[in-house]
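1. sequence plus predicted model, see below.
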Amino acid sequence: MTPGIPIFSPMMPYGTGLTPQPIQNTNSLSILEEQQRQQQQQQQQQQQQQQQQQQQQQQQAVAAAAVQQSTSQQATSQQATQGTSGQAPQLFHSQTLTTAPLPGTTPLYPSPMTPMTPITPATPASESSGIVPQLQNIVSTVNLGCKLDLKTIALRARNAEYNPKRFAAVIMRIREPRTTALIFSSGKMVCTGAKSEEQSRLAARKYARVVQKLGFPAKFLDFKIQNMVGSCDVKFPIRLEGLVLTHQQFSSYEPELFPGLIYRMIKPRIVLLIFVSGKVVLTGAKVRAEIYEAFENIYPILKGFRKTT
Amino acid sequence: MGAICTLLYVDLDVFSSTYMQIVKLLGLDVPSLCLAELVKTYCNSFKLFEASPSVPAKYVEDKEKMLSRTLQLVELASETWLVTGRHPLPVITAATFLAWQSLQPAYRLSCSLARFCKLANVDLPYPASSRLQELLAVLLRMAEHLAWLRVLRLDKRSVVKHIGDLLQHRHSLVRSAFRDGTGEVETLEKEPLGQGQGQGEGEVGNNSLGLLQGKRPASPALLLPPCMLKPPKRTCPTPPVSTVTGEEDISDSEIEQYLRTPQEVRDFQRAQAAKQAAPSVANPP
């Protein structure tokens, strides 16, 4: 992120890899036929893209690389726009073009060298969802700065369990804030279960004090929030099959394995679990603003799948 | 994926985690599940299309007819939120069973789902019975809005005879039998459970009155996924706003409650030593 810009701001431009435009489903085909048709169209688009890429590589040998990329990008964006299902607005694929390809993938569309300008207008504050995700779990780590004898800790602490055959750490729990800590012999500690960053810090400090009281020269070094999990409810059902078709690059929906759709948002780098009931789980954040931003980004997309037909 | 797990003799959980990891690490673009293809593949495995000693003659069915009707029923299930977020195979099993029954109901109504799967030499997925009941409930709702079926007091057994008619008019029947519940979920949540159920009963009352009079159809039911229609198992109250800053003083007494007294340490050590010394005893039955 660009320094100086507030991390969470209603005016922040939408990140890459998102298509905040809600999809208007006016197709009268049956859902099964529509799925088949969209899959066939996407396969045709992929074949066209591969052919174009081969042609572009031949052309690049003749002209400068930068000029060729911009030309091919424009041609690709136009073609990609024409190749849409007819339901998505024009901005759908042009926004998709700015997606940074996932590592190890062959991007469907070549990454343009254009600056990251907001392609769709940022949602003004008055149009925000009005729903605030609730934080459910914070995972943090801290370095106690000294080697620890786990057997001694397990022996002298009431709230500790230690089974070295199963796991090489002491599992300690405190009542307030209600959390669990994994304490390793290296002096590193993981604290889980807190509902806010402050509670996580307080809990980690309490665990450090317990270890201090047990006779170890524990310090409190490099406390860091590693992961934040939030959840919320959009209060309407979501057609997951439709969402995975229109946002295939970011979505994974395997009902045989898991009932929810896994949406990997690129910016911010958050993973969302979206369920048919409208409940959404957001995880992977380092700061809570990322959770809020990710939800504000996904909400207009989910609203596009609100109608049943 | 179930077929792959069976062929590889692997647990679905192990396969699931490995598959998801591979897809993520390699950035694979896996086409999403196509229900129509799965229906065709699955129906082909049913051993009901040719006469055999184990399958009575009246149970043998034409493959194309059964496939076509199953596809329509699966599509109906998909429209009415019975497929999203669920394992697809039990839905297809239930739809295949209903399709098969409805093609010759006179001879087949007495056959249960379990027996049908056994005759067809197909495993019966555990949720298939629930999916069958849900599909029948949808069909019953639709039947209340079909003029010549409204006067008949259909139940989950007799509605099977009219599946053909219902599927023929399914698009308009779904629109008239169900109303979009997306805007009403909040209203449902705000009402106490008793009132919500009372409303449902009121609707049922209206339905029976309508049926008796034969004049007007029942009021449309909410079209929502079943998980949203059931009352929540437990309420999740909003947690109070926390005033924790993370830098509060930590009292010694609070920490000492987590420390064993010397007596407790000795007792614990004694218990551990006793446990290690005692021979292992078999668990009592």
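-> Noted; the coordinates are in hand. Residues are numbered from 1 along each chain as shown, chains lettered A, B, ... in the order given.
2. would you quantify the distance from the residue of the stretch 101-250 of chain B found nearest chain A to B:A143?
-> In the stretch 101-250 of chain B, the residue that lies nearest chain A is B:G246 (3.5 Å; Cβ to the nearest Cβ). (C-beta placed from N, C-alpha, C; glycine too.) B:G246 sits 61 Å away from B:A143, going by Cβ to Cβ, to the nearest Å.
3. same question, B:A106
-> Counting by Cβ to Cβ, the gap from B:A106 to B:A143 is 19 Å.
4. hang on, the earlier thing: between B:G246 and B:A143, which one's more packed in?
-> Set B:G246 next to B:A143 and count neighbours by other Cβ atoms under 10 Å in any protein chain shown: B:A143 wins out with 22 against 17.
5. and the strands in the stretch 151-285 of chain B?
-> Remark: strands assigned in the stretch 151-285 of chain B by DSSP state E, counting those that start in this stretch are B:178-180, B:221-223.
6. parallel or antiparallel, list what pairs with the first one.
-> Put plainly, it is strand B:178-180. Next to strand B:178-180 in the sheet, as set by DSSP bridges, lie strand B:221-223 (parallel).
7. any idea of the mean pLDDT in the strand it pairs with?
-> What strand B:221-223 shows for mean pLDDT is 81.
8. do you know how far the residue of the stretch 101-250 of chain B closest to chain A is from A:I138?
-> Note on B:G246: its distance to A:I138, by Cβ to Cβ, is 11 Å.
9. what touches both of these two?
-> Common neighbours of B:G246 and A:I138 are listed as A:197, A:199-200 (criterion: Cβ atoms under 8 Å, 6 or more residues apart in numbering or on different chains).
10. narrow those residues to those in helices?
-> Taking DSSP state H as the definition of helices, the shared contacts of B:G246 and A:I138 contribute A:197, A:199-200.
11. and which of the residues you listed is nearest to chain B?
-> Using Cβ to the nearest Cβ, the shortest approach to chain B within those belongs to A:Q199, at 5.1 Å.
12. okay, the closest one: pLDDT?
-> 95.
13. not counting its neighbours along the chain, what's nearest it?
-> Residue nearest to A:Q199 in three dimensions, not counting chain neighbours: A:P177, with 4.1 Å by Cβ to Cβ, 6 or more residues apart in numbering or on different chains.
14. bridged to A:V170, which residues?
-> For A:V170, the beta-bridge partners are A:I183 (DSSP bridges).
15. isn't it right next to A:N163, touching?
-> No - shown here, A:V170 and A:N163 do not form a contact pair, counting by Cβ atoms under 8 Å, at 9.5 Å.
16. which one of those two has more residues nearby?
-> Taking other Cβ under 10 Å, A:V170 and A:N163 do not tie; A:V170 has more neighbours (27 against 11).
17. who touches the more buried one in this structure?
-> A:V170 makes contacts with A:150, A:153-154, A:157, A:160-162, A:182-183, as judged by Cβ under 8 Å, 6+ apart.
18. and these, which is closest to chain B?
-> A:A157 (5.9 Å).
19. how many neighbours does the closest one have?
-> 22.
20. tell me how far A:A168 lies from A:I183.
-> Separation of A:A168 from A:I183 (Cβ to Cβ) stands at 11 Å.
21. so what sits against both of the two?
-> Residues touching both A:A168 and A:I183 (Cβ under 8 Å, 6+ apart) are A:L150.
22. out of the two, which sits in the busier spot?
-> Set side by side, A:A168 and A:I183 show unequal neighbour counts under other Cβ under 10 Å, the larger going to A:I183 at 27 against 13.
23. tell me if I'm right that that one and A:M172 touch.
-> Yes - counting by Cβ under 8 Å, A:M172 is a contact partner of A:I183 at 5.9 Å.
24. pull up the overlap in contacts between the two.
-> Both A:I183 and A:M172 are contacted by A:153, A:160, A:207, under the criterion Cβ under 8 Å, 6+ apart.
25. ok, and the closest non-adjacent residue to B:K118?
-> Nearest residue to B:K118, sequence neighbours excluded (Cβ to Cβ, 6+ apart): B:L124, at 7.7 Å.
26. residues touching that neighbour, list them.
-> Residues near B:L124 by Cβ under 8 Å, 6+ apart: B:93, B:113-114, B:117-118.
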